[in-house]
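Asks: from the sequence below, what's the structure:
(chains A, B, C and D)
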Amino acid sequence: MQLGVASGTVRVQFFARYAEMVGRREAAVVVTLPATVGDVVRRVREELPGARGLPERPLTAVNLKHVKLDATVRDGDEVALLPPIAGG
Amino acid sequence: MQLGVASGTVRVQFFARYAEMVGRREAAVVVTLPATVGDVVRRVREELPGARGLPERPLTAVNLKHVKLDATVRDGDEVALLPPIAGG
Amino acid sequence: MSYLTRSPISLDALLAEVSSPERGGTCAFLGTVRNGPEEHGVTAIEYSAYDEMADAELGRILSEARERWPQARAGVRHRIGKITAGEASIAIVVAAPHRAQAFEACRYVIEEVKRRVPVWKKELRLDGTAVWVDPSGQPTTSPPVPSFSRVAEGGDGHV
Amino acid sequence: MSYLTRSPISLDALLAEVSSPERGGTCAFLGTVRNGPEEHGVTAIEYSAYDEMADAELGRILSEARERWPQARAGVRHRIGKITAGEASIAIVVAAPHRAQAFEACRYVIEEVKRRVPVWKKELRLDGTAVWVDPSGQPTTSPPVPSFSRVAEGGDGHV
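Replies: Numbering: from 1, shown residues only, chains lettered A, B, ... in the order given. Predicted coordinates:
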């Protein structure tokens, strides 16, 4: 059994209006595991310049699938913050 | 005021299976006025060779519009006997 | 202009009739001559119509659709004559500012066509028989025409 | 093969993908870039997507449609990039043995696309502004970019 605190790195992607707000398309974010998507979003909003304007509860996806904020993230996951969808 | 019995001539048209049954596409039918589409159908079934096989209450149209059998016909009307519709 | 045609239907021409930049949702329906497991070797269907009335009725249906969905524009073409399996017998196109109107109006038009437009069809089958199709879509009432292939089989009852 | 494209959508190609003689009813939906009275001089829309996820999500929606309507075949193409008003941003085509399935499955696909596929649009307007469109279809939240024409008018507040 491993003692101590494990951490993981997730790749966070921003799209459309969110990418404009934070001025970038992606960021590597380190979180303490276990962590949820909500933890990743909090971390992003606290640490990334310009990210304060992001909603506290944005639409999110992990590894190309829609997830809720309480979904677990693992090291290496691709987390996406999605503005309100407007396709079609 | 006109006395005596008035009569009118309507042009009756047959389509698809009905045209095959009676072996023709149209017939001039003389009816005593006032008359209904039902009267025309009865007349056709009684007098036209092969027309006995037509239903007693077929789908009918007068002057390009669907009508019920109790609709009135006038001299010169175009009456159509329509097999069950199967378009589209 | 007639809503009936004896030539193949051009969906593009119909789309051009109803399209406009203010109508962002377009719904189309294509009815094609079917030859599936429910059919029995249908090679083509011979469509016939009471031409003048079919045309008038199609015009009335489009008018009704326009009354119900004033922002929508609908177009329709019904092909008449012999149509090979896989080809279109009818095309309906409805363009509207919003998709719900387009779907509803398109569905309305095809349902009314099926109910009201005086068109009939005779299935032409692989075995040489020709069968009038009744309104439920099932070919039933018809003077069956024995085919040559059946006769050649010696009448053993298996076709 | 991807469900996304940067080129104009070919409805004919999509129809060919799903058509077959056993499927006699085909329903298509075309979404085109709108410039009507509700819009305000939209000349084009710049569509962007989370490409990999949009593609995966479109595939999942088609699979769901296939599960719900096993006899139907559905195809979809979503165009990405700058699309001029009047041109199609999405096309959905569903062929089925019977028309009810085709209409229902087609409607299902477009509704799910609108709800789930990560695509965004920015309206490019006549006055030079560019506006993100929010999901209700109303362009609201956006950093407004004053246009040259506005500046040229002397800022009297009337545009």
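
Asks: make sure I have this right: residue C:13 is in a helix.
Replies: Yes - counting by DSSP: H, G, I helix; E, B strand; the rest coil, residue C:13 is located in a helix.

Asks: how about the residues of chain C near chain D?
Replies: For chain C, the residues found near chain D under the criterion Cβ under 8 Å from any Cβ of the partner chain are C:11, C:15, C:19-38, C:85-86, C:97, C:99, C:102-103, C:106-107, C:110. Where C-beta positions appear, they are placed from N, C-alpha and C, glycine not excepted.

Asks: out of those, which end up buried?
Replies: The neighbour count (16 or more other Cβ atoms under 10 Å in any protein chain shown) marks C:11, C:15, C:19, C:21-35, C:85-86, C:97, C:99, C:102-103, C:106-107, C:110 as buried among those.

Asks: mind checking which of these are in strands?
Replies: In this view, those that belong to strands under DSSP state E are C:25, C:26, C:27, C:28, C:29, C:30, C:31, C:32.

Asks: now, which of the residues you listed sits nearest residue B:50?
Replies: Using Cβ to Cβ, residue C:31 comes nearest to residue B:50 of these, at 32.5 Å.

Asks: shaky segments in the chain?
Replies: Went with chain A since none was named. A:1-4 (pLDDT under 70).

Asks: that's the other chain; I wanted chain C
Replies: Along chain C, the model assigns pLDDT under 70 to residues C:1, C:135-159.

Asks: what residues does it have near chain B?
Replies: Counting by Cβ under 8 Å from any Cβ, chain C comes close to chain B at C:31, C:47-50, C:52-54, C:56-57, C:78, C:89-90, C:110, C:113-122, C:132-135, C:137, C:141-143.

Asks: restricted to strands, list these.
Replies: Those of the residues of chain C next to chain B lying in strands (DSSP E): C:31, C:47, C:48, C:49, C:78, C:89, C:90, C:119, C:120, C:121, C:122, C:132.

Asks: roughly how far apart are the second one and residue C:59?
Replies: The one in question is residue C:47. To residue C:59, residue C:47 is 19 Å away according to Cβ to Cβ, to the nearest Å.

Asks: next: the first one.
Replies: When Cβ to Cβ is applied, the distance between residue C:31 and residue C:59 equals 19 Å.

Asks: and the helices in the chain?
Replies: You didn't pick a chain, so chain A it is. A:16-22, A:37-47 (DSSP state H).

Asks: my question was about chain C, not that one.
Replies: Counting by DSSP H, the helices of chain C are C:11-18, C:51-68, C:99-116, C:148-152.

Asks: which of those sits closest to chain A?
Replies: Counting by Cβ to the nearest Cβ, chain A lies closest to helix C:99-116 out of these; the figure is 8.3 Å.

Asks: just checking, what packs against the closest one?
Replies: In terms of contacts (3 or more Cβ pairs under 8 Å, 6 or more residues apart in numbering or on different chains; DSSP states H and E), helix C:99-116 is packed against strand C:25-32, helix C:51-68, strand C:73-79, strand C:88-96, strand D:25-32, helix D:99-116.

Asks: strand partners (parallel or antiparallel) of the first one?
Replies: To tie it back to what came earlier, the one meant is strand C:25-32. As defined by DSSP bridges, the strand partners of strand C:25-32 come to strand C:88-96 (antiparallel), strand D:25-32 (antiparallel).
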